[in-house]
Each structure stands twice: as structure tokens, then as C-alpha cells.
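Q: Got a sequence here, can you build the structure:
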Amino acid sequence: MKVDKLKIILMGILVLCSIGAMGVYELMNKEVILQTDANKFKQEYEALNDKQVVGREDKYPTIQLEEKNPFYYASYEEVDKVLNGTGIIYLGYPECPWCRGLVPLLAQASKKVGMEKIYYINMKEERNLLTLEDGKIKEEKEGSQGYNALIERLKDILPIYEGLEDEEIKRIYVPYVLFVKDGKIVDTHTGTLDEQENPYIPLTEEEKTKLLSTLVDKMMKVAGTSCNSAC
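A: Below you'll find the model as predicted:
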């Protein structure tokens, strides 16, 4: 009888250990995925540091990101889920100079507020390209299916597509950040600061402080913490 009880106890311990190991593995796997995305994002954006912009005399602004930044490469399906729930969505791409000015401060703001993940979609090849010729709108490039669906979903808050003389056609201009809480878009952010006229000229320290404060305040609406722009 004692031997049987001992076997039962040992089997129970083994089962608990297995469950615990599976839980640890799952957490580690999630961490690896997030870390891989963070590294990919860092490399993708830093790869253009001080490189010459094609067709311009300017160089891409130099930026530095931490190894454990919050950016996560999301699918349109995942972004749709965030729009029905809670989270932060960043739409942009590395070659966009305005995006390069925003990204480091967006990462800093998320760290201050405690937002561990920012859902990111690289928009460089996603958007359509429309032109107006002789009063007619011509499609030079078709937008992706996901992009078109996102335009339709956000059409009430998006700006009109400039230069087409049609207020019904909307466009996502980047960088564009959506702050979502319980299925409601509580705030958005486009560009960097109104006073920055040339995105190839880095923000001053004073401007960085102002932009960081603005982003922290907007993230607070999502995080629901007691932190504010002075935390």
C-alpha cells in the first residue's frame, strides 16, 4: 500500500512539473516572438541611419532604439482585434522621415506608461496611389485588401485624400497612431509636432520633450494608469 501511495504521489508531482514546464515554455515562446519583432524593428529602422535619400540631398535622420522596444509586427486581422478591444496601433514605415522622428519617442512613452506592445504595420507598399487627370481620378497603384478594409473601417476619422477634389476618398497618412480603449478610438496622432516643418532636421530637445509628453498623455487614455506626462 505504501508503495502504491508513493507511486501516486510521484505521478502527481510529475504531472504538476509537466504543466509548469508547459506554462514556462509558453511564456518563453511569447517572449522570444516579441523579442524577435523588437530586434527586427530596430534593425529595419536603424539600417537607414545617415543614409542618402534617393532623389534628394537629404539623409535619413539617425535614430536609436532599445533592444526591447515595444513594436510588434501585426497582421490586419490582429489590428482589427485591437480596434475591437484595447491597444495601440502604429502605421508607418522606415523611409518615412516623419516616422523616424516619432518612433523613438513613441517607444519612450510606452515604457513610461507601461504599454508593453505597440501593433505595427509597415505601410510602404500597402496604400493605393491615386491621381487626378483632366478631372478624372486614376488609380496608379491598387491598395492591399487589408489596407482598403482598414480605410473603410476608419473612414469617419481619416483625412481626405489630398489633391483628388473628392471628400469621400480617404487616406492614411503616416505616421499614424491609434489609441484604442474597450473598442473605442480614444485618440489618434499624426506626424510629429505642428512646428516641425522639415522632417529631415531632427527635433530639438525641447521639441522631443513636448512630443513625449503628448504621447504619454494619449497613452494614458489606453493604459488607465495614474501616471501622467510628468511621471
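Q: all strands of the chain, in order?
A: Here the chain has its strands, by DSSP state E, at 71-73, 87-92, 118-122, 129-133, 136-141, 176-181, 184-190.
Q: Which neighbours in the sheet does the first one have, and how are they oriented?
A: Yep, that's strand 71-73 we're talking about. In the sheet containing strand 71-73, its partner strands are strand 118-122 (parallel), by DSSP bridges.
Q: what residues does the strand it pairs with touch?
A: Residues outside strand 118-122 that contact it (Cβ atoms under 8 Å, 6 or more residues apart in numbering): 41, 70-74, 76, 78-79, 82, 87-94, 106-107, 110, 146. For glycine as for every other residue, the C-beta is placed from the backbone atoms N, C-alpha and C.
Q: go on, stretch 48-62?
A: By Cβ under 8 Å, 6+ apart, stretch 48-62 touches 63, 94-95, 97, 100-101, 199-200, 202.
Q: Dump the C-alpha coordinates for it into PDB.
A: Provided in PDB are the C-alpha atoms of stretch 48-62 (Å, rounded to 0.1, in the frame of the first residue of the first chain):
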ATOM      1  CA  LEU A  48      18.800  53.700 -42.800                       C
ATOM      2  CA  ASN A  49      20.700  55.900 -40.300                       C
ATOM      3  CA  ASP A  50      22.500  58.600 -42.100                       C
ATOM      4  CA  LYS A  51      21.900  57.000 -45.500                       C
ATOM      5  CA  GLN A  52      21.300  59.200 -48.500                       C
ATOM      6  CA  VAL A  53      17.700  59.600 -49.500                       C
ATOM      7  CA  VAL A  54      17.100  58.600 -53.200                       C
ATOM      8  CA  GLY A  55      16.400  61.600 -55.300                       C
ATOM      9  CA  ARG A  56      17.200  64.100 -52.500                       C
ATOM     10  CA  GLU A  57      20.200  65.800 -51.000                       C
ATOM     11  CA  ASP A  58      19.000  64.900 -47.500                       C
ATOM     12  CA  LYS A  59      20.000  62.000 -45.400                       C
ATOM     13  CA  TYR A  60      17.700  59.800 -43.300                       C
ATOM     14  CA  PRO A  61      17.600  61.100 -39.700                       C
ATOM     15  CA  THR A  62      19.600  58.800 -37.300                       C
END
